[in-house]
Structure formats: structure tokens, C-alpha cells
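Sequence unavailable; structure follows:
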């Protein structure tokens, strides 16, 4: 499975090597005789590769450069490409000579959890501790250059999702596809096949590779979607899973589109989990040395990658499968020095075949690996007698752990198999089906049959039936039988527990587990956090069961009684880029554009985010500050005329014979007597009596109304309107629609506003009147409403015609000596006039009475929220109520400041909106909510803003600072 | 926005010119045989009529025929419904080519690749944070309607997605 016709050059720690297409970094390095690939997290012990897949805990490298650099990449899960640059981690100055190895000399002082007992005092020393700890902590270095590549999210749907393309997965996918189901097959490897890539077999008379190719072609013909280099990352509710597809290898430059990874959100009718099982290591002294490897991994390197990981192999096992490794390695020319089988009996055909060729011992367990940067032998106990053997490879097999992660994320239950020493999938809450080795099936024939059954069952559960039931392929392999595992977790006599590593990635030893138990950390949750067992990037795939077994033994309980910690996504580490997808930088959130966005943008205003909208804050002239621009624009409106884009306001058209009755439910103000061509201010309540929004209501004709709301209300109000229409009064003959974006709108305000409207050929309506007309053949609606305290008109035009209208108005405004104005000026104007605002004074907790709107309430009630207003608590005069404030000294009042009667006293209220007098004095004024506010006019308070370091004396006054009689509306 | 159109021959995206849009609501049941059911669309008035809710439809017609379209809908409504003009309130994109469905899976939540989502089918869904309607016009073409404020955002997303397609 390696293409040796074409070499691939890559570098590791700056040195150039050659590999071949199909090689992983691990296999390519092993082929070059490189066995030292990393240094351990805490003790900086030399480490080599232990596995051949994603469960690898030791051979972690950083790969790529600049914005493509990815740390903590498993060398076993990285397929080499031309120009690959990989570096080892956690060592200085080099992998071979690492100063950090000195930590091994003080290992007895830094066991698991040592930092809970050290670095406690004195506090001033923390400045030094922290710097050193930060430098020492972590594996790998995070890149600090911007991400260079693109990531994408896609949705996919299927009837049956099959995770894993080993024999069970392929059989399941074929069975489901043949039955007519839409199938997605996800495989994390670069090619399909799983265990078939490691162990020779014939299926239906074909070699394994030919059968895989035929299966793939058949699946494609049946319409299945096959995703390789795609890992099932998480399993969520309602059979939704996320898959991460690598479009290129870590650090590799993507193709022309720049796509590095794709996150798939898959919704499946049924899920078949054929993710396989993970082989377990064995506990003995120095079991972390380079050259100690899982037995199946050794077989993979030989069969799939054409690499012998050692010439003189020692096999240590508690099951039959490792005997296969012995036979395989011997076939490739390795010497099998010894087979150490911990079981008292092993007489299956494969064991007999191996014993006929090699020295095999029963009741035999490893005590220690010998060697430092590479094993050179081992000691073992055989039937109570210690032996020594020489060798450069120790292939271990401590049994198999079905990969139940996805099953558990989906809310599954587990059963315990005592002989196998493994949890197996039990009942699945979402109907997920585990198959093959993931369900602890062993032997190729049984695995294939189980996969076919699972696929057929999944399809059948969804109502699919195939005319010809897909039979499992007929397998022929040298040894097609269960593994006969006899789990045995206790260590052999003489093992140094301080160098018997349970979790090699986090340097957690058997002694650490025992220490944690002695110190009282006896819950599996406490054991995990105290020792960090299973908390590294491999998430304990090869270590959790060993740790649990040791805890159970200390407790005198069984492993299932001790329990497990929670399985959480992701199954393997995922880059933040994949999670973010396109939502980065300028695309972090949608930008909603008003029809006039490009017109505003041409003036480069400072923008104010309003939800997803962007609205100009002001239009500063060269050298003008934002505050000065806002003040200038506001003064221009007061003295002359201004115009502003108000297109974002919510707008709803309500039509029908029962439109008035419908609006009487929605609006808390009178509706019935509103004449055609007239409008009024209104506000809307929630069912609990709180004001939810305000706006204006206009009667366009007998049975047709226009209701406006705040910008935020455009998204909130449809729910209220639908609630009334479909729940409260479903029999009403009324229709409504949001016309927020059908109409763009411009507000023209100021003493010169009427003249501007006339200049367009329109007759300005009286205050709170409306008129229809046309400007340059485009229809417009003119509503005489004011938010500024001046005579004002809101001119509505179809959104696609608004730009032309704006340009006409701009010309007219300029000729009147006016200006465009933004949100800064709008705020100054409405604050001085005492107009409340949704989001400031209307904060979701204010009744109409709180906001001094009680006189506008419709006496007959009948509107949403009316019954709630009768609650005594809502009429308590001590509630926070709307009032104005003026600074005693004229200084600006901090917005958000607390209102106190004395320094460090309890707040009596807060400033909701802060502004300035626009009469030339620039004195500070504000709107606020104050307990019993209207009864406290004239009182002096402190507006305290600790975050700004300012306290301002203020006087409680009426909130209407400008034109309290409202005469300027009617000029 | 029209520069989205020609990035990939297998899928093109074209922003259509403003058109007349009118909404019809009926409060006593649909006119038999004239209007499509919710989730379906028919050709009508040199445009399209789309069932957007069980008792609500959206009519798209050429701009010069807005008044005539309104009259036709008002006739259907009679005393049992109402017409609201929405012209300018939606933007229509035409997606054409063999891979239009694939394009609509990106940043999406809807099974647009399902064979049952055939010509004449309509779906209201979310795409890249924006509420849209998808109207399958033919096997090789679909219309996507969105609020104008989101149109540039969607067009940019499509531009990026098409540039990434193999």
C-alpha cells in the first residue's frame, strides 16, 4: 500500500528524509530508523511511536509553518506530502539532548498533583513561579500568525450514517445502500478498509484490497457519499453528528480554493458505529520507551507500510491476536525472541501454530523494559521465575477497548465484559447501532456478519427493504476466531510503579494512581482531575481502562462499580478554524445593509452596530471629533434642518375588516377612533404588563394600518403579532406582514423640514398626519412624526428607490443650510426632548406607569398585558420611574451611573441616557429611572460611575428639557 | 452582486432586478385549484406564485404588472382575504447549474439535496444566518429569496463558496 515508485522529501527537526505516497510521518521515520520522536510532558522521557492510528499518545509533532502551523499532530495520523516540515515538541535544545530530562532526576518530588502542594507562598514569588510554569507547561506551541486557509461548514442528510470503513463498516454501508437507503460513509483514514489493511484475507474470493475497491465502487454506484479523512467528531441530539473532513494534511497548502477542512453537520435517520476497538498497552517498568509498541500497530507497520519496527521482537499479550503479530513479523524476517502470554492456558490453533515456531511462555508477564532511547531487552516473570531477554521491539497487547465514545455521546449505556476487561455498547438512546469490533465482535467472519446485520437493521428500521437481502461477504483468513482475551490488570511482582506509565501523554504512572487514592481522591472524577489521567489530547484512549482498573483494585470494587467519566466531543482534537468555518474577521456575523449603506459608506462615517445593522454615528468633517460632529448635527436640526436614514425601523402592514380589533389587542393605546390619514404614538406590552416596544400607528385607509416599532422590534414584534393572530384571536379577519424592508425611510427634521418636503412637490401633512405622493415617478408615503422635538417628517419610499430620494433630499437639505445627521445627534435630540427609547428606558422591566405613559392607556383594556397591570406590585410608587436629571455644575453626566443619596450609599436608580442641552450652554442632562422619581423633583443626588471614576451632582427634574408644550411640532 | 455569476460554470448565481411582490392572505381557505399548497410553487403572471404558509401566498411578477397582479389577487381574495404589497421587500437570486444544490448546503440546515425536493417545491429555511425561501424552478435552477439587507452578505458567502469548489 506504499507507492515506492515516487519518493517524497520531508523534514523532521530540520533533517531531510524520504518517504513514499501512503506513508504516515511515523511509518516514514521508522523506515529511516528514527525511533525517538518526542519527549514526555513532565519528565521529558524519550518517547517513540506506540500506535499506528489516532490513539497515538507519544509521537506528537508540530507541522507546517506560519499560519498553517499545527501543534500536537499525531505522527501516525499525518500522511506525508512533498515539503512537509515537522518538528518534535517539548524539548530543548534538541530531541536527543533535552535539558528537560533533568526532571526525571527529581521525579519523586513532582508526582501527579504536586502543584497543589507547592508554589503556595509567598505571593510575591508568584511573579517568578508564573513565568517559569508558563514556559514549562503544555505540549507544543500555538501558532501566532493569522490562519492562512479557508474552512467551511456544510449540511448533509442521510438515512444511514456509517462511521468507520473497516470490514463491519463496509458491510453495513453495502447492506444499507442495497436496501435503498441514502448512505454516508465516514472514514478517518486516507483510504477505506480499516483492519483489512493490516491483516490479509480474501473476501468473496477477492483479495482484501480488491474487495475494498469493489465495495467502494458499488457504494458509489448506489449513490452513497463516501468521505475519507473524515472523523466523526461528536454525536448530538436527534441523530445529528459533526464530521471533520481534512481536505489537506496538517500544514499542507490547500488547492486553488484554499479549503483546508470542512465541518459537516449530518442529520441521519440511523447511525451505525463501526469505529473499531483500541488495543490496550500493558503496565510494566519503563513501558514508555521507544520500541515499546502495540502489537497490532507493529503488524500495521509491517503489512500496510512495509516497515519492520524491530528486528528482534518480544511479544507480551493476554490474548490470541498478538500471536498473529509474531507470525507476521517472522514472515517479514524478524526474530521472535519470546512470546510472553499472561494467561495460564492458550491452545487455540493460532497459539499452537506460533508455539511450533517460537519460544512461548504461559503465565508470563513483563516486569521491565531495558534501554533508554531505544529498548534493548526486557525482564519478565514466567511462572514465578524471572528471566531476561534481548530485543529491540516489545510488542504488547493488553486486550481491546471498543471505541464507545460516539455511543456514549449519544446517551448510550454500557455493559461490562469481565474476561475482556472492557466496556461494550449497551442500549442506545437514539437507536444507534454499534457493529464489529466496536461491539466487541471478534474474528473477521463474525465482524462482517455483524456489520451486514447492522446496516440491514438500520435501513429496515427506516422502512427500506431490498428485494435481494445483502449477505455478508464470505471471508477466508488464516485465523478467523475470537481473541480469547483474559484481562489481567495487576502488575507483575517487581514492577517499579513509578515508571509504569498508565497515561503516557500526561506522564501519569501507576504510582500516581495509587498516591491519589491514598490522598483520598477515590471518585473516578477526582482521580481524573487530580492526576490528569485521560486529559491529554488522546483523551485516554489507551489509558482510561488501565487507570480505572487500578482504582477499582485499590477500592476493592469492580471497574463498572467505579464507573467512568463523561465522554465528550471531540473524538480527536479539532482546530478552531474548523469550528469557526467562515465566521471569522469581517464575516464573523452577517452585516445587514440599509438601502443607503453604500451612500453612507462613501462618507466613511464611524459606524454603530445595531444588531446586525450598521448605522452611521455621525458624519464628521475633516479634523472633527465624533462628539463635535454629533453636536454640530444636532444643533443644525434645532436651528435649520437635518435628515437621517431610519430605514431599519420595524414596520408592519395590517389589513382586514378586523384590523382595528386586532390592533386593539396589540397596542395599549386607543385605536378605534384613529381617523384615516392620521397616526398616533403607541406602545405594546408583554403578557406580564411590561412595555416591550413603542412606535407609531397610522391608518392608511378604512381597513389598512401601518404600525412602526423600534429596529429591534422588527424581529420581536412578529412573535407578538402571530401570538395574537393565531392564538388569542384566531377568528379575526385580518392579515399582517412585515414591510420593514419593503419601505426604506428618511427622517427630515427641523424648522426647515416643511420647506424641504415642499421642494419635492409634496404637501407636508399636519403633525401626526400622513399623505401619499410621488417623487420623480416613485411613490412615497409621508408621515408627520417627530422623535427630535422639531417639526419632522418620515418619508417612506420602496427600498430600491430610496437612493434616488436621498439624493433629492440631500440637494434640498443643503440648499436650506441643513445637514445629514447620525445616531449621535439623534440621541442628543431625543434626550433633550425626553423621548424614551427601547433598550434604554424601555428595558423590559418597566410598566407604562413607570414610564409616565399611564395617561395614554386605553381605559377599556383588552390589550395584551392589561390584566397584569392590576397587580399591586406594579403600582408600587417606590418602583423605578422615569425622570430627568440636570447636572448642578453643568458637567456631563455619565451614562449608566448609579443614583445615590450619599457617597457609598445604596443605589436609588440609574442614568439610562445622557446628553447635553442644545441651547448653547452644553450643560449635562440625562434621562433616568429613579425610585419614586416623579415625587422627588428638585432633589439633589450623586450620579456615581466608579468605572469612569466620576461622581456628578445632579438635580431631579422633568424629563422634557426642550419645548415642553410641543409647539415646535406644529410650526 | 452580479459578479457572483461567472466564477464556476457548474453553478452561477444571478441577482435579479427588482420585481413586483405581493402577499395574499386568506382567512377562509384557499381558492381550489388556483393556488399551490404551502411548500409549493406554480408559474403565474409571467412570474411565480409561492405557497409560503397554509393560508398565505407570495406572488412575484414583472414590475410593470404590479397593479394588474394586485387586482388579480384581490379578486381571488374577495371578502375572504387581503393583499399586501411587498415590492422591494425581498431580493431574488437565480441559482443555475448542476451544482446549485451543493452550493445551498454550505452554512445551511436544510436537506436541499433530497431528491424529493423537486421542481415546484419550496422551503423556508436559514442560510448563513439569513432567513430565505428556496423555490426549485427546474432540475437545474432554483430561486432564493432573502431580505435585501442580507443580500450582499449571502452573495459574498456564495462567492467564497464557489471559489472553493473543486
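Good, I have the coordinates. Note that the structure is a prediction, hence the values are computed from the model and not measured.

OK, contacts around residue A:816?
Residue A:816 makes contacts with A:640, A:641, A:752, A:755, A:756, as judged by CB atoms under 8 Å, 6 or more residues apart in numbering or on different chains. All C-beta atoms are positioned from the backbone trio N, CA, C, and that covers glycine.

could you list every residue that touches whichever residue of the stretch 151-300 of chain A sits closest to chain B?
Going by CB to the nearest CB, chain B is nearest to residue A:257 of the stretch 151-300 of chain A, at 3.4 Å. Residues near residue A:257 by CB under 8 Å, 6+ apart: A:150, B:163, B:164, B:165, B:166.

now do 7 Å
Neighbour list for residue A:257: A:150, B:163, B:164, B:165 [criterion: CB atoms under 7 Å, 6 or more residues apart in numbering or on different chains].

next one: phi and psi at it?
Here is the backbone geometry of residue A:257 (degrees, to the nearest 10): phi -80, psi -10.

From residue B:105, how far off is it?
Per CB to CB, to the nearest Å, residue A:257 is found 16 Å from residue B:105.

Check residue A:214 too.
29 Å.

Neighbour count: the two, which is higher?
residue B:105 (23 against 15; other CB atoms under 10 Å in any protein chain shown).

who touches the more buried one in this structure?
By CB under 7 Å, 6+ apart, the contact list for residue B:105 reads A:154, A:155, A:156, B:112, B:113.

And for residue B:122?
Residue B:122 sits next to B:39, B:40, B:41, B:50, B:51, B:133, B:134, B:135 when contact means CB under 7 Å, 6+ apart.

6 Å - rerun?
Counting by CB atoms under 6 Å, 6 or more residues apart in numbering or on different chains, residue B:122 touches B:39, B:40, B:41, B:50, B:135.

just residue A:831 next, same as before
Neighbours of residue A:831 in contact, by CB under 6 Å, 6+ apart: A:913, A:915, A:927.

Relative to residue A:630, which of these is nearest.
Using CB to CB, residue A:915 is the member of those that lies nearest residue A:630, at 9.9 Å.

a helix runs through the closest one, doesn't it?
No. Using DSSP: H, G, I helix; E, B strand; the rest coil, the secondary structure at residue A:915 is strand, not a helix.

Quick check, it in contact with residue A:923.
No. Contact criterion CB atoms under 6 Å: residue A:915 and residue A:923 do not qualify, at 9.9 Å.

More neighbours: these two, which one.
The residue with more neighbours, out of residue A:915 and residue A:923, is residue A:915; 24 against 19, by other CB under 10 Å.

Who does the more buried one form a beta bridge with?
Taking DSSP bridges as the rule, residue A:915 bridges to residue A:925.

contacting residues for it?
Counting by CB under 6 Å, 6+ apart, residue A:915 makes contact with A:828, A:831, A:832, A:925.

if I look at the last one, how far off is residue A:909?
Right, the one you point to is residue A:925. Taking CB to CB, one finds residue A:925 at 16 Å from residue A:909.

Neighbour count: these two, which is higher?
Higher neighbour count among residue A:925 and residue A:909: residue A:925, with 28 against 24, using other CB under 10 Å.

could the contacts of residue A:257 go into TSV alongside distance to residue A:889, neighbour count and pLDDT?
Below are these laid out as TSV (distance: CB to CB, whole Å; neighbours: other CB atoms under 10 Å in any protein chain shown; pLDDT from 0 to 100):
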residue	distance to residue A:889	neighbour count	pLDDT
A:150	56	21	95
B:163	60	14	92
B:164	60	21	92
B:165	65	17	91
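
So which of the residues you listed sit within helices?
If you go by DSSP state H, the contacts of residue A:257 have B:163, B:164 in helices.

Tell me the one of the contacts of residue A:257 nearest residue A:63?
The closest of these, once distances to residue A:63 are taken by CB to CB, is residue A:150, at 18.7 Å.

Does that closest one have any beta-bridge partners, and if so which?
Here residue A:150, judged by DSSP bridges, has bridge partners residue A:259.

quick one: contacts for it?
Applying CB under 6 Å, 6+ apart, we find residue A:150 in contact with A:258, A:259, B:164.

do that again at 10 Å, thanks
Shown in contact with residue A:150 (CB atoms under 10 Å, 6 or more residues apart in numbering or on different chains): A:247, A:254, A:257-262, A:577, A:581-582, A:584, B:160-161, B:163-164.

Scan chain B for its longest strand.
strand B:130-138 (DSSP state E).

mind listing the helices for the stretch 101-250 of chain A?
A:102-105, A:126-136, A:167-178, A:208-221 (DSSP state H, counting those that start in this stretch).

could those helices be laid out in a markdown table, adding distance to chain B and mean pLDDT?
Formatted as a markdown table, the helices of the stretch 101-250 of chain A follow (distance: least, CB to the nearest CB, whole Å; pLDDT from 0 to 100):
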| stretch | distance to chain B | mean pLDDT |
| --- | --- | --- |
| helix A:102-105 | 46 | 88 |
| helix A:126-136 | 37 | 81 |
| helix A:167-178 | 15 | 97 |
| helix A:208-221 | 16 | 97 |
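
Would you tell me which one of the ones you listed is buried the most?
Of all the helices of the stretch 101-250 of chain A, helix A:167-178 has the most neighbours on average by mean count of other CB atoms under 10 Å in any protein chain shown, namely a mean of 32.

so what does that one touch, helix or strand wise?
Helix A:167-178 sits against strand A:150-163, strand A:183-186, strand A:202-203, helix A:208-221, strand A:259-273, helix A:444-461, with contacts defined as 3 or more CB pairs under 10 Å, 6 or more residues apart in numbering or on different chains; DSSP states H and E.

all helices in chain B, in order from the N-terminus.
Assigned by DSSP H, the helices in chain B fall at B:66-77, B:100-103, B:148-164.

Turn these into CSV, including distance to chain A.
Putting those into CSV (distance: least, CB to the nearest CB, whole Å) gives the following:
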stretch, distance to chain A
helix B:66-77, 9
helix B:100-103, 8
helix B:148-164, 3
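
Ok, which of those comes nearest residue A:795?
When the helices of chain B are compared (using CB to CB), the closest one is helix B:148-164, at 18.3 Å.

what comes up buried for the closest one?
For helix B:148-164, burial by neighbour count (16 or more other CB atoms under 10 Å in any protein chain shown) applies to B:148-162, B:164.

what is in contact with residue A:915 and residue A:923 at once?
With CB under 10 Å, 6+ apart, residue A:915 and residue A:923 have common neighbours A:892, A:893, A:961.

Adding pLDDT and distance to chain B, write these out as TSV.
Below are the shared contacts of residue A:915 and residue A:923 laid out as TSV (pLDDT from 0 to 100; distance: CB to the nearest CB, whole Å):
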residue	pLDDT	distance to chain B
A:892	97	34
A:893	98	35
A:961	97	35
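
Going by neighbour count, which of the residues you listed comes out on top?
Among these, the one with the most neighbours (other CB under 10 Å) is residue A:893, at 27 neighbours.

That one contacts residue A:886, doesn't it?
Yes. Counting by CB atoms under 10 Å, residue A:893 does reach residue A:886; the two are 8.3 Å apart.

returning to that earlier point: keep the contacts of residue A:816, but drop any that are not near chain B.
When contact is defined as CB under 10 Å from any CB of the partner chain, the contacts of residue A:816 do not meet chain B at all.

Can you mark which positions in stretch A:815-833 are buried?
A:816, A:818-833.

Quick one: mean pLDDT over that stretch.
For stretch A:815-833, mean pLDDT rounds to 97.

buried residues in stretch A:378-388?
Neighbour counts over stretch A:378-388 (16+ other CB under 10 Å) mark A:378, A:379, A:380, A:381, A:382 as buried.

Which of those fall in helices?
Going by DSSP H, the helices hold none of the buried residues of stretch A:378-388.

Run through chain B and note the low-pLDDT ranges.
B:1-7, B:30-32 (pLDDT under 70).
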